[in-house]
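>>> model this:
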Amino acid sequence: MKLNLLTFLLIIILGIPASKAQDIPPPNPELAINIVTGQSILFRFDEMSEYINGIMNAGHSTFIRILSIEDWQLQFKADQIEFYGTSNPANTIPLNNVGVIVVSTGTNPDDGSSIVNLAQTLPLALESVDVTLLTKGTGSNIGGGLRNAFTLNWEMGTLRGNMNPNTMLDQHLGADIYNLDIILTVSWVP
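Numbering: from 1, shown residues only. The predicted structure is shown next:
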């Protein structure tokens, strides 16, 4: 019996909508997000264990800093309703195969006092609508990049948190290259 292993690539490019936030430096120095590293994330599935267990913690990280003079929240979403293959657009992957864990590396604590981190222990799955990752805690989360620094650890196919409960293998996905933009939005919290 011969086992054929499908290979597909997933490329995620992080974007920032200009209407709500932009990269540092100004024009809006009162509310800004700076994607320091990890603007493009690549998942390459080419081993059977990856199709069964997914991929995580293998350099799939984005480091960001947030500057805000008011209390803020961070949300993320995909720019389309699912992944589409570049060779064959009929090949699709549900968005909830991708999730993110957020690790605070700044001095504003994410224990609920300054920041509530909704993706601290389990990943939150990607959706086509805004999903809140970080928000104001009982105190204030005002500050610059040293206070509000975060690493977004991306994973795919791991079945953790609210991610897709089926392995990549069980989903019978088409071999292809899939691209997607993820939009990070930082906005003030009333």
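
>>> rest of the way, CA atoms for contacts and neighbours
Fine.

>>> list the contacts of the longest strand anywhere in the chain.
Counting residues, the longest strand found in the chain (DSSP state E) is strand 55-68. Outside strand 55-68, the residues that touch it by CA atoms under 8 Å, 6 or more residues apart in numbering are 29-39, 41-43, 142-146, 148-158, 186.

>>> from these, which would you call buried?
Using 16 or more other CA atoms under 10 Å as the burial test, these include 31-35, 38, 41-43, 142-145, 148-158, 186 as buried.

>>> picking that back up, CA-only coordinates of the longest strand of the chain in CSV, if you can.
Output for strand 55-68, consisting of C-alpha atoms alone and laid out as CSV, is shown next (Å, rounded to 0.1, in the frame of the first residue of the first chain):
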residue,chain,number,x,y,z
ILE,A,55,2.2,23.2,13.9
MET,A,56,3.0,25.5,16.8
ASN,A,57,6.0,27.1,18.5
ALA,A,58,8.3,26.8,15.5
GLY,A,59,9.1,30.4,14.8
HIS,A,60,5.6,31.4,13.9
SER,A,61,5.5,34.6,16.0
THR,A,62,4.8,38.3,15.5
PHE,A,63,6.1,40.9,17.9
ILE,A,64,4.1,44.1,18.3
ARG,A,65,4.1,47.2,20.4
ILE,A,66,1.1,49.4,21.1
LEU,A,67,1.2,53.1,22.0
SER,A,68,-2.0,54.7,23.4
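
>>> partners of the residue nearest the centre of the chain in the sheet?
Centroid-nearest residue in the chain: V100, 4.8 Å away (criterion: CA atoms, centre = their mean). Counting by DSSP bridges, V100 forms beta bridges with L124, W154.

>>> pretty sure it contacts N153?
Yes. Counting by CA atoms under 8 Å, N153 is a contact partner of V100 at 5.4 Å.

>>> tell me the secondary structure at T132.
Counting by DSSP: H, G, I helix; E, B strand; the rest coil, the backbone at T132 sits in strand.

>>> ok, it - contacts?
73-76, 118.

>>> quick one: which of these is most hemmed in?
Counting neighbours by other CA atoms under 10 Å, F76 leads the contacts of T132 with 25 neighbours.

>>> distance check, that one against I64.
F76 is 13 Å from I64, where distance means CA to CA, to the nearest Å.

>>> show me where the chain has strands.
Counting by DSSP E, the chain has strands at residues 8-15, 31-37, 40-45, 55-68, 72-78, 83-85, 92-93, 98-104, 115-117, 124-125, 131-136, 149-156, 177-188.

>>> could you tell me the least trusted of those strands?
In terms of mean pLDDT, the lowest-scoring of the strands of the chain is strand 8-15 (a mean of 55).

>>> residue contacts, the residue lying closest to K136 once chain neighbours are set aside?
The shortest distance from K136 to any residue other than its chain neighbours is 4.8 Å, reached at I115 (CA to CA, 6 or more residues apart in numbering). Taking CA under 8 Å, 6+ apart, we find I115 in contact with 108-109, 134-141.
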